[in-house]
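Novice: Give me a model of this one.
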Amino acid sequence: VFRTKDGQAIPLEVSAGLLYDEAGRPFGIIAIGRDARVRKRAEAALRESEEKFRSIAEQTSDLIAITDERGVITYASPSSQALFRCLPGEMCGRNFTEFLDAPSVPRALAAFQSDREQGGRSVGLELAMKRKDGSLFTGELNGSRFQYGERHGSLVVIRDISERKRAEEELRASEEKYRTLFESAGDSIIIHDAQERILAANRLAAERLGYRPGEFRKLTISQIDAPGDRPHTQERISELMRKGEHAFETLHVHKDGTLIPFEVNARRILWEGQPAMMSTCRDIRERKQAEADLRESEETFRRMFAGIPSPAYIWVQRDDGRIVLDQCNLAAEEITRGQISDFLGIDVEKLYADHPELIQRIRGTMRSGKPVCEEIQYTYVSTGETKWLVVDSVRTAAGHVMVITRDVSGRKEAERKLLAYQEQLRALSS
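Specialist: Sure thing, here's the model as predicted:
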């Protein structure tokens, strides 16, 4: 180091040698000094750069490696232990292909050759990589041509993406399951936003209304609602957004104009990060037809029941096990002079307290379903009259027994008189 006149220190690179006279005796020294400030600054910058590189390489969880032009690893960061279960020194001196699963080697070599010849970069190259113990993991490689002084090679960064790939695979599997369930559902499923735009729908939703899937998704909810229901569409959407779920029945319009009844169960969801609604629509045409048939059947039964010429009564078993009088026909009204209506809802045990055999028969028929026919003498609570009755008990449905009574008092009186007449004849003949 030399100092200038003003005291500034200047690093010099000095080459010196002896001077010899004609006799070959040294008589002096010759020295050549070269200003080394530029080289020193370059060396300092290089050391700083290397220190930064080493600091980054040693702190990151990704593997940073350098290879020469033949693909031989000349440097490996400490994360080699976590990724490949090798010490950095165990990786150095070996070709990078030794750390790849065989099927991934051709792709890796092609990328390495392309980067070397064309000066390009390999970005996001996913390869099956091999650890020291032979186990495999999926790595993402990013590499580029690397020059350090006179040396040429490649700089690569390798990240273990096994967890990400597993997550992606699970996501794909989940989406596939969702898509399968979505398309295999026995109900129409429609996803729409608050502006009534259809965002997605399964194939069944389109087919039930006579549309192709792509054609159906261009419609709005109001367009598939029946004209009479359209004023309520926004009300239902507001209710759904407020409560989070909403169930109702509505009519949808088939492409040919036919109205189809649906039972809709809708709930608020997130669709692609935005608020939306998923409506599961069940075609209830068969149920509606069954309900209509049931109403017609019940009406037919009521008319037949009312028209039975003999007094008839329907006993019903409640949830608590009690059996109560539920209905009576016109003939029952007449025979009790209209007072039977006062007894609707009465327990069988209370009405037939004096006739335990009737209680037993009704309960037995209710339980077994076997019809019972018997002849009894009965005193009407409503009128106080005593009559001979033929009582038929028939189960009409689960928990329902119909009791029909026929007044045979006239026949019983005729039989009594006949017996008395026969007794008189026997007395005369004897």
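
Novice: As a quick check, tell me the outermost residue of the chain.
Specialist: Ala23 (104.3 Å; CA atoms, centre = their mean).

Novice: In contact with it, which residues?
Specialist: Contacts of Ala23 were listed using CB atoms under 8 Å, 6 or more residues apart in numbering, and none were found. Backbone N, C-alpha and C define where each C-beta goes, glycine included.

Novice: before we move on, what about Phe112?
Specialist: Applying CB under 8 Å, 6+ apart to Phe112 gives the contacts 71, 96, 122, 143, 154.

Novice: Helices - which of the residues you listed land there?
Specialist: Residues from the contacts of Phe112 lying in helices, with DSSP state H as the criterion: none.

Novice: which one among those residues gets closest to Thr386?
Specialist: Using CB to CB, Ser122 comes nearest to Thr386 of the contacts of Phe112, at 108.7 Å.

Novice: Thr379 is in contact with Asp354, correct?
Specialist: Yes. The criterion here is CB atoms under 8 Å, and Asp354 meets it with Thr379 at 7.3 Å.

Novice: where along the stretch 1-150 of the chain do the strands fall?
Specialist: For the stretch 1-150 of the chain, the strands defined by DSSP state E, counting those that start in this stretch occupy 2-3, 9-10, 12-20, 26-35, 63-68, 73-76, 121-130, 136-148.

Novice: I'd like those strands as a markdown table, with distance to Ser393, mean neighbour count and mean pLDDT appended.
Specialist: As requested, the strands of the stretch 1-150 of the chain are exported to a markdown table (distance: least, CB to CB, whole Å; neighbours: other CB atoms under 10 Å; pLDDT from 0 to 100):
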| stretch | distance to Ser393 | mean neighbour count | mean pLDDT |
| --- | --- | --- | --- |
| strand 2-3 | 132 | 10 | 75 |
| strand 9-10 | 126 | 11 | 80 |
| strand 12-20 | 126 | 10 | 82 |
| strand 26-35 | 127 | 10 | 82 |
| strand 63-68 | 89 | 22 | 90 |
| strand 73-76 | 95 | 21 | 90 |
| strand 121-130 | 80 | 17 | 90 |
| strand 136-148 | 77 | 17 | 87 |
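
Novice: can you tell me which helix or strand the residue nearest the centre of the chain belongs to?
Specialist: Most central in the chain under CA atoms, centre = their mean is Tyr178, positioned 6.4 Å from the mean C-alpha point. Using DSSP states H and E, the element containing Tyr178 is helix 162-184.

Novice: With Glu235 instead?
Specialist: helix 233-243.

Novice: buried residues in that helix?
Specialist: Residues 233, 236-237, 240 are the ones in helix 233-243 that count as buried (16 or more other CB atoms under 10 Å).

Novice: and of these, the nearest to Asp133?
Specialist: Leu240 (56.0 Å).

Novice: Can you read off the backbone torsions of the closest residue in space to that closest one that isn't next to it in sequence?
Specialist: Using CB to CB, 6 or more residues apart in numbering and skipping the chain neighbours, the partner closest in space to Leu240 is His246 (4.2 Å). Phi and psi for His246, reported as degrees, to the nearest 10, are phi -160, psi 140.

Novice: His246 touches Arg236, doesn't it?
Specialist: Yes. The pair His246 / Arg236 is scored as a contact, 6.1 Å apart, by CB under 8 Å.

Novice: Overlap in contacts, these two.
Specialist: Here His246 and Arg236 share the contacting residues Ala266, scored by CB under 8 Å, 6+ apart.

Novice: residue ranges with poor pLDDT in the stretch 201-350 of the chain?
Specialist: For the stretch 201-350 of the chain, no stretch has pLDDT under 70.
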